Structures are given as structure tokens and as C-alpha cells.
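Q: below is the sequence, then the predicted model.
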Amino acid sequence: MNKPDTDLDQAESRRPRSLPPRPSCAEMPAEEAAARKQAREHKDAQVRGVASISEMRDAIRQASRSLPALASVPRIKAPDAATFRARAALGLPFIITGMAGKWPLSALTRQTLRDHFGRLPVRARTGDYINTAFAPDRAMQDMTLLQYLDLVADAPQDLPPYLGNLELRELNALCHWPTWFDKMGPPRFWIGPAGTVTPLHCDYDDNLFAQIWGSKRIWLAPPHHDAFLYPREANAILFGSPFDPDHPDFERYPLARQAALTECVMQPGEMLYLPAGWYHQVRSLSFSLSANRWARAVPLALTPGRDTAAG
């Protein structure tokens, strides 16, 4: 039996975990809501080793003001850890080739997902999930992976359901993530046909994004250009924007004309390093399987010696 078959057998043997409970949308007294928010921000700061999440956000935006304009997103061959960290410390996104395409997961097909992982419980974003992307009460539907694949295999939809931000350990058993960060969160998986979208937003964590199958168009804007993107806080480390780079409405959002937006298309087997605070919108151009991991530490662009690395 060859190695990919062995990996697949081991992944299959894992017992599927149940889905986490959905966020509660029940209203609570303002004082209780504020106390919970403060407690979460304190925990987020402890996990990342910073004194304050708000101070970290400010430092990221300030550091980005010295960045050169990003005309295009460069592609580099798989680096070693020291080379990756030195480049990441510059604070600019870049695409890495020659790594994710070698993962056993990349060799799988949609039929493999149906045959070997169809029983996995998943949660699909349904309806107009774009305009409710960062709301706790957005429409969701629980099903199995097989049911989802059957659902999106039917007639094309203007806004097809999307599996996003799912922790699927069975699929992660077929991935080989690089150890470039001291601490990372659990891998998250994204599955959907052409037309599935994650709207414009930023995460204040460094992000490593792997395109497994299919292609995706990603719009990028630097952290300090949030001044032009009408951000709305979802939580202390996640901010969404109502502006849509794919269908720009400058009458409604005139400041967005000043945002320096850069487009890139991710191809199968490529990985994107996305520094903390960078705004990004992701649209599937074909049926896609993607995965990502967020670092849980001080963003590399804020690490000591950044200026030295830049030189």
C-alpha cells in the first residue's frame, strides 16, 4: 500500500467530532455584554503575548504606513523557516509555491470526499451570508458533507451555500503544515463551488492560507487603509467592511476610491502568507478546497529587528 493510501486510511479512522454550538443571539444586559467583551479581549491578549489587543491593532496600522505600495503579490519557492520569518517581518503578503501541492489532501478528489468523508458533520453558510457575514445570527444549516456536496451539485445558484471556517481534523490529517510560527491555531477548512465568497475583512493575526483545489481571487488592502473601508467591529481581532471590491459602489462608499487594493489569483498548491491586519476578500472562481491557520502570537511585522530584516 502506498503512502497516500495509508494517510487516507488513518484519516478515515478518526471519529468525526460533533459541530460546536452556534453562537447565542439572545440579548443580554449591556453591563454583562461589556464584561464578556472585556474578558474575551483580555484572554485574546494573553494568548498572543501582548498587553492589549487595541494597542496591537494600533501598532499594526502604524507599521503599515511605512510599507511600499503593493503593485502585485510576489511568488517565492518554498523557503526555510529563517527565510520565511525574515520575509514575513517586512509586513507584506507573498505567495509560496512548491509545498501544499505535495500534501496528500491535494491528491484527493470530490469523489474521494464523498466516499471517505461524506459522514462528516458540517455547517453551511446559506442565504445572503455576505451581508450578514460577521453577524452572530447569520443563516446556517447543519448537514453532512455528503449532503452538502449533493446540494451544490444541483443547478448553479447566484449565491451558493458555503462551508467556511470548519475545523475538520480528518482532512487535516492529510496536510503537512510548515512549522514557521511558534504557536498557531487549529486548521480551518473552506469548501464550495464558484461564486462562494468571504467578504472584505481583516484579522489581526498572521494568516497562512493554502489553496488545495481550484482557484480563488483575493483582493488585498493594507491595514492603515481601514480609514477608507468603513470597518465594523465583529470582535477585537476581526473587522468587516461593507465595501465589495468585486462590485465597487463608490457612490455609497466614496472613500474606498483611496484604498490601495491589489488582486491576486491563488492556484492549486499555492500558499499565501497574509500579515495581520491586511484586509482581504476571497471569491471562488471554481469548485475549491482551501485551508488556513492563524498564528497565535505577536504578528511578525511587529517583532524586534523588523527594520534589520527589511534591510
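A: Received, thanks. Residues are numbered from 1 along each chain as shown.

Q: can you map out the strands along the stretch 1-150 of the chain?
A: Per DSSP state E, counting those that start in this stretch, the stretch 1-150 of the chain carries strands over the ranges 75-77, 94-97, 121-125, 140-144.

Q: quick one: residues in contact with the second one.
A: When you say that, I think you mean strand 94-97. The contact list for strand 94-97 (CB atoms under 8 Å, 6 or more residues apart in numbering) reads 73-79, 84, 87, 264, 266, 269-273. For every residue, glycine as well, the C-beta is placed using N, CA and C.

Q: and for residue 288, the neighbour number?
A: 23 (other CB atoms under 10 Å).

Q: contacts only, for it.
A: Taking CB under 8 Å, 6+ apart as the definition, contacts of residue 288 comprise 190, 191, 192, 193, 194, 196, 211, 212, 213, 214, 215, 216.

Q: ok, it to residue 49 distance?
A: Separation of residue 288 from residue 49 (CB to CB, to the nearest Å) stands at 33 Å.

Q: any low-confidence regions in this protein?
A: 1-6, 9, 12-16, 24-26, 155, 304-311 (pLDDT under 70).

Q: longest helix of it?
A: Identified as the longest helix of the chain according to DSSP state H is helix 30-48.

Q: pull out the buried positions in that one.
A: Neighbour counts over helix 30-48 (16 or more other CB atoms under 10 Å) mark 41, 44, 45, 48 as buried.

Q: before we move on, what about stretch 260-274?
A: 261, 262, 264, 266, 268, 269, 270, 271, 272, 273, 274.

Q: taking those residues together, which two end up most distant?
A: 261 and 269 (25.2 Å; CB to CB).

Q: which residues are in contact with residue 123?
A: 19, 22, 140, 141, 142, 163, 166.

Q: that one pairs with what?
A: Beta bridges link residue 123 to residue 142, judged by DSSP bridges.

Q: state the distance from it to residue 186.
A: Applying CB to CB, the value for residue 123 to residue 186 is 15 Å.

Q: isn't residue 63 right up against residue 91?
A: Yes - with contact defined as CB atoms under 8 Å, residue 63 counts as touching residue 91 (6.0 Å).

Q: same drill for the two, tell me which one is more crowded.
A: residue 91 (25 against 20).

Q: the nearest residue to residue 185 once chain neighbours are set aside: how many residues sit nearby?
A: Leaving aside its sequence neighbours, residue 185 sits nearest to residue 294 (CB to CB, 6 or more residues apart in numbering; 4.7 Å). By the criterion of other CB under 10 Å, residue 294 has 21 neighbours.

Q: who does the helix or strand where residue 294 lies pair with, and is each partner parallel or antiparallel?
A: Assigned by DSSP states H and E, residue 294 belongs to strand 288-294. Using DSSP bridges, the strands paired with strand 288-294 are strand 188-192 (antiparallel), strand 207-213 (antiparallel).

Q: relative to strand 188-192, how tilted is the helix or strand just after the longest one?
A: Counting by DSSP H and E, the element after strand 207-213 in chain order, helix or strand, is strand 216-221. Direction vectors for strand 216-221 and strand 188-192, defined by axes from the mean of the first three to the mean of the last three CA atoms, to 10 degrees, enclose an angle of 120 degrees.

Q: so which bits of strand 216-221 are buried?
A: Going by 16+ other CB under 10 Å, strand 216-221 has these buried residues: 216, 217, 218, 219, 220, 221.

Q: quick check: which of the strands paired with strand 288-294 is nearest to residue 251?
A: strand 188-192 (30.2 Å).

Q: contacting residues around the closest one?
A: Contacts for strand 188-192 (CB under 8 Å, 6+ apart): 122, 145, 148, 152, 160-168, 171-172, 198, 284, 287-293.

Q: number of nearby residues for residue 231?
A: 18.

Q: I figured it hits residue 241, correct?
A: Yes - counting by CB under 8 Å, residue 241 is a contact partner of residue 231 at 5.6 Å.
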